[in-house]
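**Student:** Pasting the sequence and the predicted model now:
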Number of protein chains: 2
Amino acid sequence: MKPESSRRVYDGRLFDVFVERWGEYEREIVDHPGAVAVVAIDREGMLTLVRQRREAVRQELVELPAGTLEPGEEPLECARRELLEETGLRGGRWRQIGVFYTTPGFCRERMHVFVADDLERGEASPEADERLEVVRWPALPSAPIS
Amino acid sequence: MKPESSRRVYDGRLFDVFVERWGEYEREIVDHPGAVAVVAIDREGMLTLVRQRREAVRQELVELPAGTLEPGEEPLECARRELLEETGLRGGRWRQIGVFYTTPGFCRERMHVFVADDLERGEASPEADERLEVVRWPALPSAPIS
């Protein structure tokens, strides 16, 4: 499926906005490259999160380590890169547990979610415009989900 | 917390886009009014979902009934209105189970999530630009989450 026409109404750094014509209706769409998030558990059994200033929502939020796909980057590669940059964690065993659209009514962003465990601690190296604080919570023993 | 400056770079129907200056950095932000979603179970014990063309992601998706807040509308009021319009379900017992930012790195959208059960079936009346198909799945008996 594709629109009859599409015009770019905002050309941004992180995302663009298009207005598309679909039959009688117009749709406003945020074109975003996609993102990753990681449920990260280190060798000490700690779930590692990041506290971060989220300007869009005027708050600090505690979130899974996450980041935006670079052009041509595979989601797993991106997830390993972002986790290392934001928390210093490396190595470990990885698996993908899901992928979803964050808000498919108006945005193309796909979120790839990974679980990594047995991760080794090291030095974080966040990007200049990220103010991150690593937050560690004891990970509960996993229980089977029936 | 607030930005040193903010300029509107896109003035849309569903959302606007602002570029804000925060110290040395600029942030691109989608300003969205917020939304609701409903885990809806009818008197026959069926979980009610909607299949819908999502132009942004070029697919039909099966989703929780959901919608966008009108100006000044309370989330619960919006949730009842959207559920009725999209599925015809009405009445029932309602509770809010959570609220989250769909993608807080660049978007203000807050998603309010409700559970409603004991709902009565009736006629749906979707908006002209929504092509919806109601999908009913048997709801599993709820199990306590430890």
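**Tutor:** Everything's here; your move.

**Student:** Are there helices or strands packed against the helix or strand hosting A:E77, and which ones?
**Tutor:** Element membership for A:E77 (DSSP states H and E) is helix A:75-87. Packed against helix A:75-87 by the contact rule (3 or more C-beta pairs under 8 Å, 6 or more residues apart in numbering or on different chains; DSSP states H and E) you find strand A:35-42, strand A:46-54, strand A:66-68, strand A:90-101, strand A:110-120, strand A:132-138. All C-beta atoms are positioned from the backbone trio N, CA, C, and that covers glycine.

**Student:** Could you spell out the sheet neighbours of the fourth one, each with its direction?
**Tutor:** Within its sheet, and counting by DSSP bridges, strand A:90-101 is paired with strand A:110-120 (antiparallel).

**Student:** Buried ones in the partner strand, by neighbour count?
**Tutor:** Using 16 or more other C-beta atoms under 10 Å in any protein chain shown as the test for burial, strand A:110-120 gives A:R110, A:M111, A:H112, A:V113, A:F114, A:V115, A:A116, A:D117, A:L119.

**Student:** can you pull the contacts of the closest residue in space to the first one that isn't next to it in sequence?
**Tutor:** Spelled out, it's A:R110. If you skip the residues right next to it in sequence, A:R110 has A:G34 as its closest partner in space, 4.5 Å away by C-beta to C-beta, 6 or more residues apart in numbering or on different chains. With contact set as C-beta atoms under 8 Å, 6 or more residues apart in numbering or on different chains, A:G34 has these partners: A:T68, A:L69, A:P75, A:R108, A:E109, A:R110, A:M111, A:H112.

**Student:** Chain B versus A:G34, what's the distance?
**Tutor:** Distance of A:G34 to chain B, computed by C-beta to the nearest C-beta, to the nearest Å: 11 Å.

**Student:** Which residues are in contact with the nearest residue to A:A79 once chain neighbours are set aside?
**Tutor:** In this structure, A:A79 finds its nearest non-sequential neighbour in A:V36, 4.2 Å apart by C-beta to C-beta, 6+ apart. By C-beta under 8 Å, 6+ apart, A:V36 lies in contact with A:A66, A:G67, A:L69, A:P75, A:C78, A:A79, A:E82, A:M111, A:H112, A:V113, A:F114.

**Student:** Please consider this matter closed, and thank you.
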